[in-house]
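J.: Just to be clear, the model below is a prediction. Sequence and coordinates:
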Amino acid sequence: MSRRAVDPPDHATSPERHPEAPPPGERIGSHYRVCFGCGPQHPTGLHMEVTAGAGCRIHAEFTVNEHHQGAPGLAHGGLLSAAFDEALGAVTWLLRVPAVTGHLETDFRRPVPVGTTLYITAECIGIAGRKIYSRAVGRLGAPDGPIGVEAAAVFVTVSIEHFRENGRAADVEAFVASADRAAVASGFEVNP
């Protein structure tokens, strides 16, 4: 079988949870108040709830609502990909590094109806240089429910300058002005 872009290379190292990462069971808050994935102030966002797990694993959940439809009564596939991008990105909170999505693959196993809560478990499976390799499984209706969606991704670590150079200046500066100075200096809080 050929290697996929989301498979860690042979020289990848095992991930190590940062000593200052949230402990298992602790809720990981939103990194940005209007983030579509986790922002509490986004009017039609996912409002994803993320909890730190053991090792380099997180648990996340969100409920598909009427704003998330593609086909009548079913979640839009692109929206589900966004949900997995958010959950896979949350893994970097346990590594304490800011990162952006470099590559994302999503496999849809079952339709996800409106009103369904999707339970996602995501974990880091390897690190090679600036690349962070992660995978996730989403289960329908319960943490042990049937698999609805699976995904894998490669994230690339970046500095705060990445956001200053590429983001809309007014939004980046407003975020920096309101954020914890130590977090901004490390770039950690700016994790997409």
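T.: Okay, I see it.
J.: Arg130 contacts His162, correct?
T.: No - counting by C-beta atoms under 8 Å, Arg130 does not reach His162; the two are 11.3 Å apart. Where you see a C-beta, it was placed from the backbone N, CA and C, and this is true even at glycine.
J.: ok, these two, which is more surrounded?
T.: His162 (17 against 13; other C-beta atoms under 10 Å).
J.: From Ala99, how far off is Pro19?
T.: Using C-beta to C-beta, to the nearest Å, Pro19 is found at 19 Å from Ala99.
J.: Who has more neighbours out of these two?
T.: Ala99 (25 against 6).
J.: who's the closest residue to that one other than its chain neighbours bridged to?
T.: Excluding the flanking residues, the one nearest Ala99 by C-beta to C-beta, 6 or more residues apart in numbering is Phe155, at 3.9 Å. Beta bridges link Phe155 to Thr101, Ile132 when assigned by DSSP bridges.
J.: didn't Phe155 look like it was pressed against Gly129?
T.: No - Phe155 lies out of contact with Gly129 (C-beta under 8 Å); the separation is 11.9 Å.
J.: between those two, who's got more neighbours?
T.: Phe155 (28 against 11).
J.: Thr117 versus that one, what's the distance?
T.: Following C-beta to C-beta, the distance that separates Phe155 from Thr117 is 25 Å.
J.: Point out where the protein drops to low pLDDT.
T.: 1-2, 178-192 (pLDDT under 70).
J.: any idea where the strands of it begin and end?
T.: In the chain, the strands defined using DSSP state E lie at 27-28, 49-52, 57-63, 99-108, 117-128, 131-140, 147-157.
J.: Please name every helix or strand in contact with the longest one.
T.: Under the contact definition 3 or more C-beta pairs under 8 Å, 6 or more residues apart in numbering; DSSP states H and E, strand 117-128 sits against strand 57-63, helix 77-90, helix 92-95, strand 131-140.
J.: Out of those, which gets nearest to His11?
T.: Closest to His11 of the helices and strands packed on strand 117-128 is strand 131-140 (C-beta to C-beta; 10.9 Å).
J.: okay, the closest one in PDB with CA atoms only?
T.: Extracted in PDB, the C-alpha atoms of strand 131-140 (Å, rounded to 0.1, in the frame of the first residue of the first chain):
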ATOM      1  CA  LYS A 131       4.600  18.800  10.600                       C
ATOM      2  CA  ILE A 132       2.100  17.400  13.000                       C
ATOM      3  CA  TYR A 133       0.200  14.200  11.900                       C
ATOM      4  CA  SER A 134      -3.200  13.500  13.500                       C
ATOM      5  CA  ARG A 135      -6.200  11.300  13.000                       C
ATOM      6  CA  ALA A 136      -9.800  11.400  14.300                       C
ATOM      7  CA  VAL A 137     -13.000   9.300  14.400                       C
ATOM      8  CA  GLY A 138     -16.500  10.700  14.800                       C
ATOM      9  CA  ARG A 139     -19.300   8.600  16.200                       C
ATOM     10  CA  LEU A 140     -23.000   9.300  15.900                       C
END
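J.: Having no further points to raise, I will conclude here.
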